[in-house]
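>>> Provided below are the primary sequence and the corresponding predicted coordinates.
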Protein chains: 2
Amino acid sequence: MSHETVKVAIQGWPGANHDIAARTYFRDKEVTLEPCMTFHELFSKVKEDPSMFGIVAIENTLVGSILANYTLLKDSGLRVRGEQRLRIKHQLMALPGQRIEDIREVHSHPMALAQCEDFLMRYPHIRLIESEDTALSAKKISEGNLKGIAAIASSLAAKMYNLEILAKDIETNKHNYTRFLIVGPRDEEEGARLLSMGRLNKASLVFSLPHEEGSLSKVLTILAFYSINLTKIQSLPVIGMEWEYLFYIDVIYNDYQRYHQSLDAIRPLTRNLTELGEYEAADTLYVTNGGAPVAKAQTSNKK
Amino acid sequence: MSHETVKVAIQGWPGANHDIAARTYFRDKEVTLEPCMTFHELFSKVKEDPSMFGIVAIENTLVGSILANYTLLKDSGLRVRGEQRLRIKHQLMALPGQRIEDIREVHSHPMALAQCEDFLMRYPHIRLIESEDTALSAKKISEGNLKGIAAIASSLAAKMYNLEILAKDIETNKHNYTRFLIVGPRDEEEGARLLSMGRLNKASLVFSLPHEEGSLSKVLTILAFYSINLTKIQSLPVIGMEWEYLFYIDVIYNDYQRYHQSLDAIRPLTRNLTELGEYEAADTLYVTNGGAPVAKAQTSNKK
């Protein structure tokens, strides 16, 4: 099996969730990571290099849509080329040989600290220190040989930075899933290839509607008549003289031609209807166990 | 004019945005603040004391819905009693007499620092220090008489903590609005009073739908037939064996009876349809200039 190489820009450090999402999505390829400190930097890098993809968190079951990334995507002119879902798990890790009684400080991203609140409350003597990245906290402990300090990060980060997991899956809410978009330049050839294999079945759209009675129900009714299903809808007020609304919707379809006919049918009723991308839906909810993704074949065994 | 007193729980310190939202919404009353460090604490306090209201940020035009607060609201059994919108502005402040050349560090909440990125990039020698609250950063500078340190906070915080504004309205994006919900116990009497004055015209609902063709378009079409208008819609996947969707919607209506008939009409097509509250819509986009809200009469003069 020949390993094709692919360059992928991620937000955060190697071993962070964007890294896991990249390895899971491109599991058949050799991934070269391009770590970026901000999403803004990520979009700039992917725009500059047409051979590069980017991985961008777009929504999470606990915190909702990451609207700023929708705006960056819309403004970049890049396209959604795929999607990946990840169950977010948090591990408590420290230098090998350390016990939880030895730990005085836990370092991690504020979001990760917050998501492990119930576990951390059992150790009131441990100070919580906010850092900019989960994996970076693990890296610093490893490189500085820091005793008495633990990080909250992924099992992949524990492996990469040779740390030992002191407590496994310490996140309070087990229904913590993040959906990532794979972004890149428009690629007509790849689109045609997926279409010919019947694998083009999802699209992300953005449009605006005037605040008129039933304007949204008309658009959704037309989509239903064309057998186009929604998997996501999010409204966003556009601030101006009057209230106008922006809608981000994701749709899935079986018939590509019907899908394009439905766009023609709703266009006169919307403003600035824009396709952010056509891609293959992630039909299975991938659960990773830290860098080694559970393969599609494996998860569907369950049935 | 007699000043009625009202107890309001806010998230954050006095002078922070929740404080400004509280003062703006209850502008006819004497407000006694109950600062809470987390939204979780806020909901607990309001549940314990039936004479208390709470103010909770629920969505922002830059970052989207704050889903965690919808979950807290749903689980608390409290009701939405009103809403308040605020334009979020950021001021750079320091001890009186300090000039911007004297400043070596800026302290504020990470979100506020991020929202002033363009301004801060012009001063690369200034270190950015994350803190837990905008107003708390201002308070600490004042109380510690800290020279060389500035905070990013509201003009209200500058006034409260006797700081001087070094740079005004330094937020990058001027379309930064937050919508706050006023939460409290169910109050049938107050509801009847608002209804009799024709001021009950908005409601927040939550329901789930199976992922079936057109299930959402049917619900929205019925609402349109009953002349019920949507001002917000947000879908959220419910993780389980199959994909089921949760929807948060806000509706406005002119006819209260028609609104209740529409609920009866959509109930059989939805699951667990729940009213989070009925209240008066904030019809004007209030813009504060730091604690002194621009009155409704003033803004409508423009027309």
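Sure, I can see it.

>>> What is the burial count for A:Ser51?
By the criterion of other C-beta atoms under 10 Å in any protein chain shown, A:Ser51 has 10 neighbours. The way it works is simple: take the backbone N, C-alpha and C, and place the C-beta from them, glycine included.

>>> Ignoring the adjacent residues along the chain, who's closest to it?
Nearest residue to A:Ser51, sequence neighbours excluded (C-beta to C-beta, 6 or more residues apart in numbering or on different chains): A:Lys7, at 6.1 Å.

>>> Surely A:Ser217 is in contact with B:Leu216?
No. Counting by C-beta atoms under 8 Å, A:Ser217 does not reach B:Leu216; the two are 9.1 Å apart.

>>> Mind checking which of these two has more residues around it?
Comparing A:Ser217 with B:Leu216 by neighbour count (other C-beta under 10 Å), the higher total belongs to B:Leu216, at 27 against 21.

>>> Give me the phi and psi angles of the more buried one.
Dihedral angles of B:Leu216 (phi, psi; degrees, to the nearest 10) stand at phi -70, psi -40.

>>> show me what contacts it?
Neighbouring residues of B:Leu216 by C-beta atoms under 8 Å, 6 or more residues apart in numbering or on different chains: A:220, A:230, A:233, B:209, B:235, B:245, B:247.

>>> Point me to the helix or strand that includes the residue nearest to A:Ser51.
Here A:Lys7, judged by DSSP states H and E, is contained in strand A:5-11.

>>> and that strand, what other elements does it pack with?
Other helices and strands packing on strand A:5-11, by 3 or more C-beta pairs under 8 Å, 6 or more residues apart in numbering or on different chains; DSSP states H and E, are helix A:17-25, strand A:30-36, helix A:39-48, strand A:52-60.

>>> So which of those is nearest A:Glu280?
Minimum separation from A:Glu280 across the helices and strands packed on strand A:5-11 (C-beta to C-beta) falls at helix A:17-25, 10.7 Å.

>>> How far off centre is the closest one?
Distance, stretch centre to chain centre, for helix A:17-25: 9 Å (C-alpha atoms, centre = their mean, to the nearest Å).

>>> which residues are in contact with that helix?
Counting by C-beta under 8 Å, 6+ apart, the neighbours of helix A:17-25 from elsewhere in the structure are A:8, A:10-13, A:31, A:33, A:55-57, A:82, A:84, A:86, A:88, A:134-135, A:154, A:156, A:178, A:180, A:182, A:286, A:288, A:290-291, A:293.

>>> Which of those are buried, as a PyMOL select command?
This is the PyMOL syntax for the buried subset of the contacts of helix A:17-25, where burial follows 16 or more other C-beta atoms under 10 Å in any protein chain shown:
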select buried, chain A and resi 8+10+11+12+13+31+33+55+56+57+82+84+86+88+134+135+154+156+178+180+182+286+288+290+291+293
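
>>> Now stretch A:101-109: buried residues?
Burial within stretch A:101-109, assessed by neighbour count using 16+ other C-beta under 10 Å, is assigned to A:103, A:106-109.

>>> which residues are contacting that stretch?
Residues outside stretch A:101-109 that contact it (C-beta under 8 Å, 6+ apart): A:90, A:92, A:94, A:113, A:120, A:123, A:125-134, A:137, A:140-141, A:147-153, A:166.

>>> ok, and of these, which contact chain B?
Cross-checking the contacts of stretch A:101-109 against chain B (C-beta under 8 Å from any C-beta of the partner chain) gives A:Glu130 as the overlapping residues.

>>> Just the closest of the buried residues of stretch A:101-109 to chain B, please.
Of all these, the one sitting nearest chain B is A:His109; the distance, using C-beta to the nearest C-beta, is 10.5 Å.

>>> which residues of chain A fall in helices?
Residue ranges of the helices in chain A, as given by DSSP state H, are A:17-25, A:39-48, A:67-76, A:110-115, A:117-121, A:134-144, A:155-160, A:188-196, A:215-225, A:256-266, A:296-301.

>>> just the angle between the third one and helix A:39-48, please?
What that stands for is helix A:67-76. Here the directions of helix A:67-76 and helix A:39-48 differ by 30 degrees (axes from the mean of the first three to the mean of the last three C-alpha atoms, to 10 degrees).

>>> May I have helix A:67-76 as PDB, with CA atoms only?
C-alpha atoms of helix A:67-76 as PDB (Å, rounded to 0.1, in the frame of the first residue of the first chain):
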ATOM      1  CA  LEU A  67     -19.400  31.300  14.000                       C
ATOM      2  CA  ALA A  68     -16.100  33.100  13.700                       C
ATOM      3  CA  ASN A  69     -14.800  30.100  11.600                       C
ATOM      4  CA  TYR A  70     -17.900  30.300   9.300                       C
ATOM      5  CA  THR A  71     -17.000  33.900   8.700                       C
ATOM      6  CA  LEU A  72     -13.300  33.100   8.000                       C
ATOM      7  CA  LEU A  73     -14.400  30.300   5.600                       C
ATOM      8  CA  LYS A  74     -16.900  32.600   3.800                       C
ATOM      9  CA  ASP A  75     -14.300  35.400   3.400                       C
ATOM     10  CA  SER A  76     -11.400  33.000   2.400                       C
END
